[in-house]
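Q: Sequence and predicted structure below; questions after.
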Amino acid sequence: MEAATKQLVAHAREVNLVQVGRASFARNLAELNECTAQNSQIKTRGMLSVRNFHRICRRGVSSVWRGISARAGQRLDIGGIYPPIATPFTKEGDIDYQSLDENLQKYDGIPFRGLVVQGSNGEYPYLTAEERVEVVRRVRLALPKAKLVMAGSGCESTRATIQMSEHMASAGADCVLVVTPCFYHGRMGSRALIHHYTQVADSSPVPVILYNVPANTFVDLPVDAVIQLSQHPNIVGIKDSGGDITRIGLIVHKTKSQDFQVLAGSAGFLMAAYLVGATGGVCALANVLGQQVCELAHLCTSGEWDKAKELQYRLIEPNTAVTRKFGVPGLKQAMEWFGYHGGKCRYPLQTLSQGDLEELRADFSSNGWL
């Protein structure tokens with residue numbers, strides 16, 4: 001086993017994994033040695049296979065092998081459409097895992113690249129740390145292995161974000177989506193954010209995706225910071241929800257040599273984002289009109305721009321309704337109309353008024369969706 005560990009370290013250095021996360025790698029190696037000592041029946045010949053490596057110690061250590069494999073070849077491909085899934089709650093306010101499972105079964109028939117779990121639409125600020133991790137664990141167990149689990153791991157402090165990212169990786173996340181810290185938003189300039197994301201990426205066992213959502217955080221991740229962070233081997237892309245197409249185009253242009261991918265953060269500007277080089281989107285509307293959002297993406301990647309334009313027009317108003325206008329309560333209500341479990345939000349978020357409900361319905365019906 002000692003020889004195999006030495007080979008693992010040597011190979012990691014060859015592909016610069018040590019540069020990505022010395023501390024995380026050391027912790028995982030320590031875990032590997034501890035697990036090995038407790039399992040005298042494991043026999044190893046030379047370099048560890050992926051299967052044996054996973055069997056030795058599932059928690060944490062498997063992420064080292066994923067990191068080595070990713071850096072030996074291409075970085076993780078995150079292109080495609082993701083719904084940032086909602087978190088259903090019972091009448092008592094507990095997480096309704098049965099309803100969550102039923103939603104996941106319905107999403108399985110839609111050609112999503114994966115799911116974003118515990119993003120803004122998952123009401124992550126209102127969940128405990130334990131709940132956030134458990135939701136990710138349940139989703140990973142239910143989701144086919146071919147589909148990615150992108151887990152929201154952002155917290156206010158760098159230390160807490162590092163810890164949450166490690167927990168999400170242990171729960172089965174393929175990558176983590178890290179929102180900008182925002183409580184002290186007046187001090188979140190390029191220097192602070194570059195340091196924050198670099199520390200997180202150095203320690204994360206799985207690839208990191210930057211998350212820019214200025215409407216919620218009042219922090220607009222500076223383009224110069226994105227460009228610098230794109231050079232980090234464990235930062236593979238950004239979800240940009242700001243809606244500034246010139247900014248998205250500039251990021252694509254300035255990072256094209258880094259194998260860095262840009263995901264549109266809304267279905268409202270998905271076609272425009274594809275036009276300037278985005279590779280996919282994390283779209284709240286995909287929770288409701290998932291097949292249609294995936295069809296829009298397909299039309300864009302196939303170059304059928306006239307058809308894409310007509311479909312994009314019909315998605316703008318419904319998308320605005322479940323994002324800027326009515327937010328998560330509007331999204332959850334629309335999910336109910338389309339056969340999914342949305343339900344109530346956690347307080348202090350309130351359900352929609354009767355007037356809001358009528359306006360929400362009109363935004364869908366006037367575009368032929370209801």
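A: It's in.
Q: okay, CA-based contacts and neighbour counts for the rest of this
A: Will do.
Q: can you tell me which residues contact I78?
A: Counting by C-alpha atoms under 8 Å, 6 or more residues apart in numbering, I78 touches R113, G237, Q261, T279, G280.
Q: so where do the strands sit in this structure?
A: For the chain, applying DSSP state E gives strands covering 80-82, 114-117, 148-152, 175-179, 208-212, 235-240, 261-264, 280-282.
Q: Would you reformat those strands as JSON lines and include distance to R138 and mean neighbour count?
A: Formatted as JSON lines, the strands of the chain follow (distance: least, C-alpha to C-alpha, whole Å; neighbours: other C-alpha atoms under 10 Å):
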{"stretch": "strand 80-82", "distance to R138": "17", "mean neighbour count": "26"}
{"stretch": "strand 114-117", "distance to R138": "10", "mean neighbour count": "28"}
{"stretch": "strand 148-152", "distance to R138": "11", "mean neighbour count": "28"}
{"stretch": "strand 175-179", "distance to R138": "16", "mean neighbour count": "27"}
{"stretch": "strand 208-212", "distance to R138": "21", "mean neighbour count": "26"}
{"stretch": "strand 235-240", "distance to R138": "24", "mean neighbour count": "26"}
{"stretch": "strand 261-264", "distance to R138": "25", "mean neighbour count": "27"}
{"stretch": "strand 280-282", "distance to R138": "20", "mean neighbour count": "28"}
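Q: Let's have those in CSV, adding distance to G368 and mean pLDDT.
A: Output for the strands of the chain, formatted as CSV (distance: least, C-alpha to C-alpha, whole Å; pLDDT from 0 to 100):
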stretch, distance to G368, mean pLDDT
strand 80-82, 22, 98
strand 114-117, 26, 98
strand 148-152, 31, 98
strand 175-179, 33, 98
strand 208-212, 31, 98
strand 235-240, 28, 98
strand 261-264, 24, 98
strand 280-282, 23, 98
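Q: Tabulate these (JSON lines), appending distance to H341.
A: Converted to JSON lines, these look like this (distance: least, C-alpha to C-alpha, whole Å):
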{"stretch": "strand 80-82", "distance to H341": "18"}
{"stretch": "strand 114-117", "distance to H341": "15"}
{"stretch": "strand 148-152", "distance to H341": "20"}
{"stretch": "strand 175-179", "distance to H341": "24"}
{"stretch": "strand 208-212", "distance to H341": "26"}
{"stretch": "strand 235-240", "distance to H341": "25"}
{"stretch": "strand 261-264", "distance to H341": "25"}
{"stretch": "strand 280-282", "distance to H341": "19"}
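Q: Between those, which one is closest to F218.
A: strand 208-212 (9.7 Å; C-alpha to C-alpha).
Q: From the chain's centroid, how far away is the closest one?
A: Put simply, strand 208-212 sits 8 Å off its chain's centre (C-alpha atoms, centre = their mean, to the nearest Å).
Q: For it, which helices and strands make contact with it?
A: strand 175-179, strand 235-240 (3 or more C-alpha pairs under 8 Å, 6 or more residues apart in numbering; DSSP states H and E).
Q: Dump those strands into TSV; add distance to V206 as well.
A: Shown next, in TSV, are the helices and strands packed on strand 208-212 (distance: least, C-alpha to C-alpha, whole Å):
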stretch	distance to V206
strand 175-179	5
strand 235-240	9
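Q: what stretches of this protein score poorly on pLDDT?
A: Within the chain, the stretches with pLDDT under 70 are 1-73.
Q: For the residue most central in space within it, which residues are in contact?
A: Geometric centre of the chain, nearest residue: M150, 3.2 Å, by C-alpha atoms, centre = their mean. Contacts for M150 (C-alpha under 8 Å, 6+ apart) come out as G114, L115, V116, V117, A173, D174, C175, V176, L177.
Q: Tell me what the closest residue to the fifth one other than its chain neighbours is bridged to.
A: It refers to A173. Leaving aside its sequence neighbours, A173 sits nearest to V149 (C-alpha to C-alpha, 6 or more residues apart in numbering; 5.1 Å). Under DSSP bridges, the beta-bridge partners of V149 are L115.
Q: in terms of contact, does V149 touch L115 like I think?
A: Yes: using C-alpha atoms under 8 Å, V149 is in contact with L115, at 5.3 Å.
Q: Distance check, L100 against L285.
A: Noted for L100: a distance of 17 Å to L285, by C-alpha to C-alpha, to the nearest Å.
Q: okay, those two: which has more neighbours?
A: L285 (28 against 22; other C-alpha atoms under 10 Å).
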